[in-house]
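Enquirer: coords below, sequence missing:
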């Protein structure tokens, strides 16, 4: 948001990812990062986060990226202290650091992780779910019975900073995601105390149909334009013809 005289404009566009992050990230913070595998990850913001050099980070994200890309970049530089994730199987740096005790991991079922983000953004401190009952995921958590069925208490959480990726945004921060990228991004966007979004296409206010908006601009504090994203394929499988 910028202020000119007595008027306030809602334009949230920053010159680049590095500028958007430089004064809001710090050591030891909790971040929520959108994406599913390498789809819908805020790649420019992740690179900028790496370049800040902040460390001892706790990151809540569906997965840990791959070697050399996505959150994997932050693992390679040793900036991550703990991951809260549901899948971590494509990253050898993650495996090495976890087995050596350098990295903590909180495995969280995929739907539970999405709901923890959504609940935090909605101001809900906790919720009960059947997922994980009777497994290691339930250890140390409150159990409660509803209608003869056992549930466990999971906590919603608020991230210090959320980083998300949109396909289209307007200058007020209203976001539209595209296909599979509409996965953890909406929940991550709402649970951030400060949310920074990068978008491939940025338009003027009023150019997005209100009925098409996935994340309202009220949740987005800063916006970065990434017009030429590098859309890598996580795992390529081919066959001879």
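Expert: Structure received. Quick caveat: nothing in here was measured; it's all calculated off a predicted structure.
Enquirer: all helices of this structure, in order?
Expert: 17-21, 43-52, 72-76, 92-99, 110-121, 185-191 (DSSP state H).
Enquirer: select, out of those, the one closest to residue 201.
Expert: Set against residue 201 and scored by CB to CB, those come closest in helix 43-52, at 14.2 Å. Any C-beta I mention is one placed from the backbone N, CA and C, and that applies to glycine too.
Enquirer: quick one, what contacts residue 50?
Expert: 73, 74, 77, 79 (CB atoms under 8 Å, 6 or more residues apart in numbering).
Enquirer: redo that, cut-off 10 Å
Expert: 71, 73, 74, 75, 76, 77, 79 (CB atoms under 10 Å, 6 or more residues apart in numbering).
Enquirer: may I see the ChimeraX selection of the buried members of those residues?
Expert: To isolate the buried ones among the contacts of residue 50 in ChimeraX, judged by 16 or more other CB atoms under 10 Å, type:
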select :71,73,74,75,76,79
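Enquirer: want to throw the contacts of residue 50 into JSON lines with distance to residue 41 and pLDDT?
Expert: Formatted as JSON lines, the contacts of residue 50 follow (distance: CB to CB, whole Å; pLDDT from 0 to 100):
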{"residue": "71", "distance to residue 41": "8", "pLDDT": "91"}
{"residue": "73", "distance to residue 41": "11", "pLDDT": "93"}
{"residue": "74", "distance to residue 41": "12", "pLDDT": "94"}
{"residue": "75", "distance to residue 41": "14", "pLDDT": "92"}
{"residue": "76", "distance to residue 41": "15", "pLDDT": "92"}
{"residue": "77", "distance to residue 41": "17", "pLDDT": "93"}
{"residue": "79", "distance to residue 41": "16", "pLDDT": "95"}
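Enquirer: low-scoring stretches of the chain, by residue?
Expert: Where the chain drops to pLDDT under 70, the residues are 1-10, 234.
Enquirer: all strands of it, in order?
Expert: Ranges of strands within the chain are 2-4, 7-9, 30-33, 57-60, 80-85, 104-107, 126-129, 143-146, 149-155, 159-170, 175-176, 192-203, 222-225, based on DSSP state E.
Enquirer: which of these sits closest to residue 118?
Expert: strand 126-129 (9.4 Å).
Enquirer: what strands flank the closest one, and is each parallel or antiparallel?
Expert: Here strand 126-129 has these sheet partners by DSSP bridges: strand 149-155 (antiparallel).
Enquirer: relative to the whole chain's centre, how far out is the partner strand?
Expert: Remark: strand 149-155 is offset 24 Å from the chain centroid, using CA atoms, centre = their mean, to the nearest Å.
Enquirer: which one of the contacts of residue 50 sits closest to residue 227?
Expert: residue 73 (20.7 Å).
Enquirer: isn't the closest one right up against residue 47?
Expert: Yes. In this structure, residue 73 is within contact of residue 47 by CB atoms under 10 Å, at 6.6 Å.
Enquirer: good, we can wrap up now.
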